[in-house]
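Participant: Structure here, sequence nowhere to be found:
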Ligand code: ADP
Ligand code: MG
């Protein structure tokens, strides 16, 4: 096979970015919100081999709530709900991408595939004892007090939290690499991937949700991505976020990023995993890692938006 020389661009799309502030998160709203990031990715596919990963925080939390509203059918564990979100969001991204490619007139040579992706986690991960990952809708303090499951205060408000072990390896990494080399745009690792632990020769699913930024960093390292874009609902990472001293950062060295992490500027379950993911990729031969808003994907790729983590 001819060697594919195009750089590899991995875009991690935020699950929260698919539901805008104040929206309920209907399917219509999510389809509408996808047009902007996906239109840009379609355009970028002229120059790059493309991998799209995506989050599922709000969507998987909604599915869990729907389970709890119904006693007529057996409840499904979280790993099955993560698999369902790979299907539902994968379908929304894939069909939007198809129309955007068509409107650019480049659909004839770009093929798209959504892959169910398992991600291995360590059964002894201490994260299994401490739920940190926010999922589902935002509650007020009064509503949150009455909820029967763990809830934490986040920058968005009170949200349900579930355990979120670290990703160790992406089971389908070789297939992903082969597909992008054949010019497929690959949608994978949805919702951080279906979390599994190894049991001899088989994989068993576990009741958890992996953070998609950390899973995307593992994938970026395993396939050798050149550019890693983490596209969310904020324009980048800020110091003193949400206070009057808030200061968005444009460039951040690995050492500075580590210092600000230690100082607590980036909370667990939201900005922290993005910063950690970007650091990991830059430490492992990544050329560029940028955290930006879904509006600014093309600008971030050309170095004109977002928070870029750079070498010291
Ligand atoms: P996604 O679904 O894109 O992963 P998250 O909610 O997990 O979205 O992370 C993005 C959110 O992180 C922002 O909407 C913001 O509320 C929050 N956040 C917390 N700390 C910071 C910070 N220091 N800088 C920017 N955003 C922050
Ligand atoms: Mg997130």
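Facilitator: Looks like it arrived, so ask away. On a predicted model such as this, the values are computed, not experimentally measured, just so you know. Residues are numbered from 1 along each chain as shown. Ligands and ions are numbered 1, 2, ... in the order given.
Participant: Just give the number of residues close to the residue of the stretch 51-200 of the chain found nearest ligand 1.
Facilitator: The shortest separation between the stretch 51-200 of the chain and ligand 1 is 3.5 Å, found at residue 155 (distances taken as Cβ to the nearest ligand atom). From N, CA and C alone the C-beta is placed, and that goes for glycine too. Other residues near residue 155 number 12, with proximity taken as other Cβ atoms under 10 Å.
Participant: Do I have it right that residue 301 meets residue 9?
Facilitator: Yes: the criterion here is Cβ atoms under 8 Å, and residue 301 meets it with residue 9 at 6.9 Å.
Participant: Need the residues touching each of the two.
Facilitator: 44, 227, 229 (Cβ atoms under 8 Å, 6 or more residues apart in numbering).
Participant: Mind pulling the model confidence for residue 17?
Facilitator: Here, the pLDDT recorded for residue 17 equals 79.
Participant: how near is it to ligand 1?
Facilitator: 5 Å (Cβ to the nearest ligand atom, to the nearest Å).
Participant: Begin at 43 from now on, thanks
Facilitator: Got it, the first residue is 43 from now on, which makes the last one we talked about residue 59.
Participant: Surely that residue touches residue 254?
Facilitator: No: Residue 59 is beyond contact range of residue 254, at 11.2 Å (criterion: Cβ under 8 Å).
Participant: More neighbours: those two, which one.
Facilitator: Here residue 59 and residue 254 are compared on neighbour count by other Cβ under 10 Å; more neighbours surround residue 254, at 29 against 22.
Participant: ranking the shared contacts of residue 343 and residue 51 by neighbours, who comes first?
Facilitator: Most surrounded of those: other Cβ under 10 Å gives residue 271, at 29 neighbours.
Participant: Surely residue 276 and residue 335 touch.
Facilitator: Yes: in this structure, residue 276 sits in contact with residue 335. The criterion is Cβ under 8 Å, and the distance is 6.1 Å.
Participant: OK, contacts around the closest residue to ligand 1 within the chain?
Facilitator: Across the chain, the shortest distance to ligand 1 (Cβ to the nearest ligand atom) belongs to residue 56, at 1.9 Å. Residue 56 sits next to 96, 97, 254, 272, 273, 274, 275, 336 when contact means Cβ under 8 Å, 6+ apart.
Participant: check those residues against ligand 1, which are close?
Facilitator: By Cβ under 6 Å from any ligand atom, the members of those lying near ligand 1 are 97, 274, 275.
Participant: Tell me which residues touch the last one, please.
Facilitator: Same thing as residue 275. 56, 58, 59, 62, 63, 335, 336.
Participant: which residues in this structure form helices?
Facilitator: 69-86, 99-110, 120-146, 183-187, 215-223, 254-265, 296-304, 313-325, 339-343 (DSSP state H).
Participant: nearest to residue 354, of those helices?
Facilitator: helix 296-304 (5.1 Å; Cβ to Cβ).
Participant: same for that closest one, what does it pack against?
Facilitator: Applying 3 or more Cβ pairs under 8 Å, 6 or more residues apart in numbering; DSSP states H and E, we find helix 296-304 packed against helix 313-325, strand 349-352.
Participant: I'd say residue 231 and residue 253 touch.
Facilitator: No: if you go by Cβ under 8 Å, residue 231 and residue 253 don't touch, sitting 10.8 Å apart.
Participant: So if I had to pick from the two, which one is more boxed in?
Facilitator: Neighbour tally, residue 231 and residue 253, criterion other Cβ under 10 Å: the higher count belongs to residue 231, 32 against 27.
Participant: what sits against the closest residue to the more buried one other than its chain neighbours?
Facilitator: Nearest residue to residue 231, sequence neighbours excluded (Cβ to Cβ, 6 or more residues apart in numbering): residue 95, at 4.3 Å. Residue 95 is in contact with 52, 53, 54, 55, 229, 230, 231, 232, 254, 257, 258, 261, counting by Cβ under 8 Å, 6+ apart.
Participant: and which of the ones next to ligand 1 among the contacts of residue 56 is nearest to residue 218?
Facilitator: residue 97 (17.8 Å).
Participant: what residues are up against the spatially closest residue to that closest one that is not a sequence neighbour?
Facilitator: Setting aside the residues directly before and after it, residue 97 is nearest to residue 57 in space (Cβ to Cβ, 6+ apart), at 3.1 Å. With contacts defined as Cβ under 8 Å, 6+ apart, the neighbours of residue 57 are 96, 97, 98, 99, 100, 101, 102, 131, 233, 254.
Participant: Fine, thanks again, bye for now.
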